[in-house]
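[1] got a predicted structure here, sequence first:
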Amino acid sequence: MRKKLVRGLIPLLAMVLAAMTGLAWAQPATVTVFAAASTTNAITDIGNLFESQGKGKIQASFASSSTLAKQIESGAPAEVFLSANEKWMDYLEEKKLVQPGSRLDYLGNSLVLVAPADSQLKAEIKPGFPLLDWLGQGRLAVGDPDHVPAGIYAKAALTKLGVWDKIEPRLARAADVRGALALVERGEAPLGIVYGTDAAITPKVKVVGVFPADSHPAIIYPLALVGEKVSPTAKAFYEFLRSPEAKAIFNKYGFAVR
């Protein structure tokens, strides 16, 4: 009797295990996305939309493009990379860490001077403009120009406009562009240079001036698949980023989709 009972339970257990295995396989796959800090809000919204459509799950890491590129070089398991400038995508491409044929220039942005929301400053940004006088005793918040794309663009613009040498000793160097934005939001810096999209996400700062487009290299965000092997979910998200729905979200946050 006991043997018959055991024999009867075996098929039932097999069915349960099969069902559990099927449920495990049915769980949406996860894709790891490394993206420039300035894209945090847009990528988060796009990732949520991607997940809501049952296409997969997104695990996103946001930081300076230089930091992310170095992490990828060190073996971080990123599959999709959205850089805030071409330099760090070039860096990975030279090391053959970018999937051939997947790189494309995807987004554009602007460079702006921001101040706390209650500032009365109206800046005219032109060659020789009095940025040092506008700072008073404070410092200029920027992403570190030694490696942060927003800071690199800022240095190029300030150099072209002839004020870099005077301003460099007065920089408050942040680890990424969102860090520079936060310094101005908290009133720890009277002025900062960030992307136009960063200024648009917070009521705590206001744009007091826009840098002429010809004062710095074009702000281009390259997109690519990275790593030796890329999952179908990563490829699906890469394609989703180029969809009308994703482009609409980028546009909402002020990015120019190329």
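    Nice, I can see it.
[2] who's in contact with the residue most central in space within the chain?
    When CA atoms, centre = their mean is applied to the chain, the residue found nearest the centroid is residue 36 (2.2 Å). Neighbouring residues of residue 36 by CB atoms under 8 Å, 6 or more residues apart in numbering: 62-65, 68, 82-84, 149, 176-177, 221. No exception for glycine: its C-beta is placed from N, CA and C like everyone else's.
[3] how about it, nearest residue that isn't a chain neighbour?
    residue 84 (3.6 Å; CB to CB, 6 or more residues apart in numbering).
[4] over to residue 170?
    residue 139 (5.2 Å).
[5] where does the residue lying closest to residue 210 once chain neighbours are set aside sit: helix, strand or coil?
    Excluding the flanking residues, the one nearest residue 210 by CB to CB, 6+ apart is residue 112, at 5.2 Å. When classified by DSSP: H, G, I helix; E, B strand; the rest coil, residue 112 comes out as strand.
[6] so residue 112 touches residue 197, yeah?
    No - here residue 112 lies out of contact with residue 197, judged by CB atoms under 8 Å, at a distance of 9.4 Å.
[7] thinking residue 33 is in contact with residue 61, fair?
    Yes - Residue 33 lies in contact with residue 61 (CB under 8 Å); the separation is 7.2 Å.
[8] buried among the contacts of residue 36? Make that a ChimeraX selection.
    Remark: buried members of these, expressed as a ChimeraX selection using 16 or more other CB atoms under 10 Å:
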select :62,63,64,65,68,82,83,84,149,176,177,221
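[9] what sits against residue 182?
    If you count contacts by CB under 8 Å, 6+ apart, then residue 182 has residue 174 around it.
[10] quick one: distance of stretch 175-192 to the chain centre.
    17 Å (CA atoms, centre = their mean, to the nearest Å).
[11] from now on call the first residue 45
    Shifting the count to begin at 45 puts that one at stretch 219-236.
[12] what's opposite the residue nearest to residue 254 in the beta bridge?
    Taking DSSP bridges as the rule, residue 156 bridges to residue 238, residue 254.
[13] give me the pLDDT for it.
    Looking at residue 156, its pLDDT stands at 98.
[14] how many residues are close by it?
    23 (other CB atoms under 10 Å).
[15] and residue 161, by the same measure?
    Neighbour count of residue 161, defined by other CB under 10 Å: 13.
[16] wait, it sits on residue 250?
    Yes - with contact defined as CB under 8 Å, residue 161 counts as touching residue 250 (5.2 Å).
[17] would you map the helices across the protein?
    Remark: helices assigned in the chain by DSSP state H are 46-70, 84-96, 109-117, 130-138, 175-179, 193-204, 208-211, 221-229, 240-243, 276-284, 288-296.
[18] quick one: closest of these to residue 255.
    Proximity to residue 255, assessed across the helices of the chain by CB to CB, is greatest for helix 193-204 (4.7 Å).
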